[in-house]
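Asks: this one's sequence-less:
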């Protein structure tokens, strides 16, 4: 999920009754835990993809495989809260791939996130 979630970051999860396109979720897939974003949803389940990946994960993921929705990411001196409308902006690939690489954005995150809790 780089650059949005990096190795060593702490993710905070919340159980949800339903999941939507753009949600970042923790799921169990073939005995492996993955944090990926939901890119589409249909009657068979959800299609997920890591932000750094160019292609979707293979096959739909059953909702029962989802362990929770990521609502906050904490790292070395920063916290990002995934509350709407910010969570919807995170769903845009350009936003996640380019904005979070910016050092100014990371610095602002360090200042703003303590105010958000």
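Replies: Cool, the structure landed. Remember, predicted model here, so these are calculated numbers, not experimental data.
Asks: any chance you could map the strands in the chain?
Replies: Applying DSSP state E to the chain gives strands spanning 10-14, 24-29, 32-42, 45-49, 66-75, 78-81.
Asks: Just tell me which of those strands ends up closest to residue 59.
Replies: strand 45-49 (8.2 Å; CB to CB). C-beta coordinates here come from the backbone N, C-alpha and C atoms, glycine included.
Asks: now the angle between strand 32-42 and that closest one, please.
Replies: 120 degrees (axes from the mean of the first three to the mean of the last three CA atoms, to 10 degrees).
Asks: Can you list the helices and strands that strand 45-49 packs against?
Replies: Packing partners of strand 45-49 (3 or more CB pairs under 8 Å, 6 or more residues apart in numbering; DSSP states H and E): strand 24-29, strand 32-42.
Asks: State the mean pLDDT of that strand.
Replies: Per-region confidence: strand 45-49 scores 92 on mean pLDDT.
Asks: Give me the residues contacting that strand.
Replies: 19, 25, 27, 34, 36-41, 55-57, 60-63, 65-66 (CB atoms under 8 Å, 6 or more residues apart in numbering).
Asks: just stretch 51-63 next, same as before
Replies: Under CB under 8 Å, 6+ apart, the answer for stretch 51-63 is 1-5, 19, 27, 29, 34, 36-37, 39, 42, 44-50, 93, 96-97.
Asks: quick one: buried residues of that stretch?
Replies: Neighbour counts over stretch 51-63 (16 or more other CB atoms under 10 Å) mark 51, 57, 60-61 as buried.
Asks: which one in the residues you listed is the model shakiest on?
Replies: Minimum pLDDT across the buried residues of stretch 51-63 falls on residue 51, with 83.
Asks: if I look at that one, how far off is residue 1?
Replies: Distance, residue 51 to residue 1, using CB to CB, to the nearest Å: 5 Å.
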